[in-house]
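# how would this look folded up:
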Amino acid sequence: MDSNAEDWTKSLKELEKNMNAFSSILEKFGLDIITKMGQTNLKVTQLTDMVDELNKTTIHIKGLIPQLSNVIQNQKNIEEELSTIKSLILNRPNAPLKGIELNNTVERDESATNMKDLIVNQFNILRAKLAKIDDPQTVKAILEQLRIDIFEFTGGHRMLNQFLPIIARLDSAISLDEMMNEHDTTSKTIKVEIMENIPNWINKLMIKD
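Predicted coordinates:
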């Protein structure tokens, strides 16, 4: 009996030792899991913050798109104006040479009336072509020539600014029946926009003596 009791005691101690070791392993495993979960939560939080910042940046960029479009359009307008001025300087007959001063007395150009009639005739030709053709590039070429002639005749006129958006729209259009504002289906067609402007342009031109 004493021998059996001693064996049982020894077995119980051995079992207790193993249980303690197993318990220690479980405790360490549990702590590792908790630590890993904490690290995972931290990374998820960081990623969430990064996504929020990305959304804010995207919204900010979208807000800048209209301003950027205006800057690009203004740059194109300036380039077109400079190109027109350059063309007039290079092609103007009897242009003064660099370094030669002009006489302060400016004689009236007797051909002004003829020039005005020529421009009005171009407008009438444009109106006739609009009724028969559907070629944006042909209309664009006429408007560009009109801009040059009107600039030369008037020395610059506010109506020329109305030509710029129409010419820019014609450059990308396939048909004259497309909307003037391609992002607004309620806007007028390119053809209607030009047709309605022609009488106004002629009237503004006739004011010029």
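
# domain-wise, how is the chain divided?
As given by automatic domain parsing, the domain ranges for the chain are 1-70, 112-207.

# got any ranges where this protein has weak pLDDT?
1-7, 27-32, 36, 41, 55-77, 79-112, 208-209 (pLDDT under 70).

# which stretches in it count as helices?
Assigned by DSSP state H, the helices in the chain fall at 2-91, 112-132, 136-154, 160-172, 190-207.

# packing partners for the fourth one?
Helices and strands touching helix 160-172, as assessed by 3 or more CB pairs under 8 Å, 6 or more residues apart in numbering; DSSP states H and E, comprise helix 2-91, helix 136-154, helix 190-207. The way it works is simple: take the backbone N, C-alpha and C, and place the C-beta from them, glycine included.

# check which residues of it are buried.
By neighbour count with 16 or more other CB atoms under 10 Å, helix 160-172 contains the buried residues 160, 163-164, 166-167, 169-170.

# ok, residues contacting that helix?
Under the criterion CB atoms under 8 Å, 6 or more residues apart in numbering, residues 73, 76-77, 80, 136-137, 139-140, 143-144, 146-147, 150-151, 180, 182, 190, 193-194, 197, 201 lie in contact with helix 160-172.

# buried ones among the residues you listed?
Buried members of the contacts of helix 160-172, scored by 16+ other CB under 10 Å, are 80, 136, 139-140, 143-144, 146-147, 150-151, 180, 190, 193-194, 201.
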